[in-house]
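Q: how would this look folded up:
(one chain, ligands or ions: 1)
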Amino acid sequence: MKQSSGRGILRLCLVFIVLFSSSAILRAQGNGLAQKPPMGWNSWYGNYMQVTDAMIRAQADTMVNNGMKALGYEYVNIDDGWAGERDAQGVIHGDKNFPNMKALGEYIHSKGLKFGLYSSPGPLTCGHRQGSYGHEELDAQTYAAWGVDFLKYDWCSAGRVYKSEMQAAYKKMADALKRTGRPILYSLCQYGLQKVWTWAPSVGGNMWRTAGDLDYKYDRVSLVGFQQDGLERFAGPGHWNDPDMLLVGLKKINEDENRTQMSLWCLLAAPLLMSADLTTISPASLAIMTNPEVIAVDQDPAGIQGHRVSEEGPLEVWVKPLAGGSKAVGLFNRGEGVNPVTVKFKDVGVKKTATVRDLWAAKDLGTFTGTFTADVPRHGVVLVKIK
Ligand code: GLA
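A: I've put the predicted structure just below:
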């Protein structure tokens, strides 16, 4: 009896050693990028397939001039729609709207920004442009020669050529990128299939979409965003859950809803990729994108993804532990009228008495004991830091 329980303990120890060393190997395998959740811009929701070289340059210019760059936004990512045809050697080229990809990369770099691109492990992208299937090595080399710093790799048509080899398909491109010798952030997009968060870092992913597209809808933002609870243990420096791009500035959801998405994404330590045409956004949208105290929650050096601490009907409280011991707390109202939402300090690991600062308002609210309550608008949020 005693002997078998001894063996049990030994087996348990072995399991721990294997688990610990494999997670250490995973970390060591990383490309060293994305130590904080990546920040930048992506062309998709604002422009869909209608992308051009001039438009991308204009986004880079705007990101510098409107203060976004200074706050950490750095990637300028072209999504679907840039790829033209392959030449006789199989080398991919930009379409007529992208006559010189290398020059575009140089322009983006000259602004102190980084250049992102999009492809698919399948033969075609979702927008029916050339994918990288069968050309992975050459495409990786081409991207590196153009100065690409970020690749979003979107499953799309890959199901037609791969059966159960999704992980291998993603690893193939990661390995090809690695062989270029250029550090290229690798963003997996396969809509959260096969619990991607459990294996994405092992195939070289720095971030991975956890769900399908948000499209333009608050309902999708709410459904996907609040579904992220439980995924926090898979995120950390170098590898992040990605619930899709930010809709702020697209004029499809209202300001409270935009603040809800921005707050939740920051609590989730999610990548902050804006997708509206930055050259035409309103001052109100820019203010949502550029609140430094809110961005600091996302970029906090501890790199811990937040989680839900309570849920009462449509009222939810989420917490993100910050470096230094304070907590970022979101009081969310998914309901239809104004509602009071309460955070109990003991639920978020705060001592009885604490100071509370409203991050959107950049205002100290005072000292509170045991709880803090705020009236939260319909589909809105009050985001605070509790110390
Ligand atoms: C998929 C992705 C989107 C976007 C489009 C491009 O739908 O999920 O983010 O990249 O493809 O066609």
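Q: any idea how far residue 225 is from the ligand?
A: In this structure, residue 225 lies at 16 Å from the ligand, with CB to the nearest ligand atom, to the nearest Å as the measure. Bear in mind the C-beta positions are built from the backbone N, C-alpha and C, glycine included.
Q: That residue touches residue 257, doesn't it?
A: No: with contact defined as CB atoms under 8 Å, residue 225 does not count as touching residue 257 (10.4 Å).
Q: Of those two, which one has the most company?
A: Ranked by neighbour count (other CB atoms under 10 Å), residue 225 and residue 257 place residue 225 first, with 25 against 21.
Q: and the gap between that one and residue 305?
A: Here the criterion is CB to CB, to the nearest Å. By it, residue 225 lies 13 Å from residue 305.
Q: shared neighbours, these two?
A: Any residue near both residue 225 and residue 305 by CB atoms under 8 Å, 6 or more residues apart in numbering counts here, and that gives residue 268.
Q: Quickly list what residue 236 is bridged to.
A: Each beta-bridge partner of residue 236 is listed here, defined by DSSP bridges: residue 239.
Q: Would you mind confirming that it makes contact with residue 303?
A: Yes: contact between residue 236 and residue 303 holds when scored by CB under 8 Å: they sit 5.3 Å apart.
Q: tell me the pLDDT at residue 185?
A: Per-residue confidence (pLDDT) for residue 185: 98.
Q: shouldn't it be in contact with residue 152?
A: No: shown here, residue 185 and residue 152 do not form a contact pair, counting by CB under 8 Å, at 9.3 Å.
Q: joint contacts of those two?
A: Counting by CB under 8 Å, 6+ apart, the residues touching both residue 185 and residue 152 are residue 116.
Q: pLDDT wise, what is residue 175 at?
A: So, for residue 175, pLDDT stands at 98.
Q: Check for me that it belongs to a helix.
A: Yes: for residue 175, which was evaluated using DSSP: H, G, I helix; E, B strand; the rest coil, the result is membership in a helix.
Q: Does it touch residue 204 like I think?
A: Yes: here residue 175 reaches residue 204: they are 7.3 Å apart, a contact under CB under 8 Å.
Q: Show me the strands in the stretch 101-250 of the chain, by range?
A: With DSSP state E, counting those that start in this stretch as the definition, the stretch 101-250 of the chain shows strands at residue ranges 114-119, 150-154, 185-189, 207-209, 240-242.
Q: Same list, the ones you listed, but as CSV with distance to residue 69 and mean neighbour count please.
A: Below are the strands of the stretch 101-250 of the chain laid out as CSV (distance: least, CB to CB, whole Å; neighbours: other CB atoms under 10 Å):
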stretch, distance to residue 69, mean neighbour count
strand 114-119, 11, 25
strand 150-154, 15, 26
strand 185-189, 17, 26
strand 207-209, 20, 26
strand 240-242, 21, 27
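Q: Quick one: closest of those to residue 71.
A: The closest approach between residue 71 and any of the strands of the stretch 101-250 of the chain, judged by CB to CB, belongs to strand 114-119 at 15.0 Å.
Q: tilt between that closest one and strand 185-189?
A: If you take axes from the mean of the first three to the mean of the last three CA atoms, to 10 degrees, strand 114-119 sits at 40 degrees to strand 185-189.
Q: can you list contacts of strand 114-119?
A: Outside strand 114-119, the residues within contact range by CB under 8 Å, 6+ apart are 40, 42, 74-80, 82-83, 104-105, 108-109, 125, 131-132, 139, 143, 146-154, 185.
Q: Look up how far residue 120 lies from the residue most central in space within the chain.
A: The residue lying closest to the centre of the chain (CA atoms, centre = their mean) is residue 271, at 2.5 Å. Going from residue 271 to residue 120 by CB to CB gives 19 Å.
Q: what about the helices in the stretch 151-300 of the chain?
A: Across the stretch 151-300 of the chain, reading from the start of the chain, the helices by DSSP state H, counting those that start in this stretch fall at 166-180, 218-226, 255-267, 283-289, 292-298.
Q: Could you save those as TSV and add columns showing distance to residue 314?
A: Rendered in TSV, the data for the helices of the stretch 151-300 of the chain read as follows (distance: least, CB to CB, whole Å):
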stretch	distance to residue 314
helix 166-180	36
helix 218-226	9
helix 255-267	12
helix 283-289	22
helix 292-298	22
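Q: deepest of the ones you listed, which one?
A: Here the criterion is mean neighbour count by mean count of other CB atoms under 10 Å, and of those the winner is helix 255-267, at a mean of 24.
Q: Figure out how far that helix is from the centre of its chain.
A: In terms of CA atoms, centre = their mean, to the nearest Å, the gap separating the centre of helix 255-267 from the centre of its chain is 14 Å.
Q: For that helix, name the packing helices and strands.
A: With contacts taken as 3 or more CB pairs under 8 Å, 6 or more residues apart in numbering; DSSP states H and E, helix 255-267 sits against helix 218-226, strand 272-274, helix 283-289, helix 292-298, strand 315-321, strand 327-333, strand 381-386.
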